[in-house]
Structure formats: structure tokens, C-alpha cells
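Visitor: with the sequence up front, the predicted model follows.
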Amino acid sequence: MATDWVQKIKDDIQPRVPEPIVALGMLQPAGTWGSFGAGQLSGLAGTLMRKAANKRAGGLAKQGAFSTKTALLAVTEGRLYAFNAKPSGRSWKIIDEAGDWDRSDLTVTTTPGTLSTKVVVDVKSTGAHFELEATTAMGADKFNRPFLDELAKA
């Protein structure tokens, strides 16, 4: 079932990407899981953590108390494309195209954690910096693992 979901999202995004998509990632601001946990203990702490996480995400994705925008990242042989999206029924609605970069212009680091893998993308030519996380718990690893493996090749 997960493979069909990956293919559906890939089919929805492919018309927006001029090259064949090699892998897709579904990411949120780094620290989203932590802010969720903190929010269970203190609404204020959760809000402050979400705000800081959104800032570090650099405009890709946004975690709110009642709404979420997810970053869908499409990797091709030569580029990384970013889209902000939100859930829409059983699919995703693309809100905007957030950017695309030559893979050779990127420094990508990944740090595995308990519930997610932190993904930091730095664009060498512009200094843009994005701190995101790819959920790897609860079956999401089936979706994000090929994406994380492809990023590791760079």
C-alpha cells in the first residue's frame, strides 16, 4: 500500500519537474516531533518550539498548532526540487513551489534519530539553510528511506 501512495504523490509532482524524479521525501521542520511532545506538557512550550523550528526550516514546510504544511522534496539526477504542500483528503495539494537547486551546489547532512532523521540542506552559492526532518517511525520509513539514501549519494 505504501508503494502505491509514493507513486501517487510522484505522479502528482512529476508534471512540475522537468526531469525524471528519482526519489521523494516528505519532510517537516526539524524539531516537530519534539514540539509535539513539549506541547502535550505545556502549550506555550510547544508554541515556542514550533516557532523556532519553523524559522530554522527557512520557509520550507510549517508546523502550526492546528495546521501543517509539509515540504515535498523531489530528487532528480541533477537537482533537488522543493514544494510546500498540505494534506487534502487522501492526497496532497501543492501550495507553492519553494525552490530548486543544483545538487552539486548543496551540502546535505543527515542525522538519524528515534522518530525521524534530521536533514540539513545548505545551498553553497546563496547561503540558504534549511533544517528539516524526515519521519522514519510508524511506517514512514518506507516512504522516506529511498529519499534519504539518494541524498546520501551526493
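Guide: On my side now, so go ahead.
Visitor: what is the least confident helix or strand in this protein?
Guide: Ranked by mean pLDDT, DSSP states H and E, the weakest helix or strand in the chain is helix 32-41, scoring a mean of 54.
Visitor: so which residues of the protein form helices?
Guide: 2-13, 32-41, 43-56, 141-152 (DSSP state H).
Visitor: weakest of the ones you listed in terms of mean pLDDT?
Guide: The stretch with the lowest mean pLDDT among these is helix 32-41, at a mean of 54.
Visitor: scan the chain for its longest strand.
Guide: Determined from DSSP state E, the single longest strand within the chain is strand 91-102.
Visitor: that one pairs with which strands, parallel or anti?
Guide: Here strand 91-102 is paired, per DSSP bridges, with strand 79-88 (antiparallel).
Visitor: dead centre of the chain: give me the residue that sits there.
Guide: Residue closest to the average C-alpha location in the chain (Cα atoms, centre = their mean): L27, at 2.0 Å.
Visitor: neighbours of the nearest residue to it once chain neighbours are set aside, just the number please.
Guide: Of all residues not flanking L27 in the chain, L132 sits nearest, at 4.0 Å (Cβ to Cβ, 6 or more residues apart in numbering). The C-beta positions use only the backbone N, C-alpha and C, and glycine is treated the same way. Residue neighbour count, defined by other Cβ atoms under 10 Å, stands at 28 for L132.
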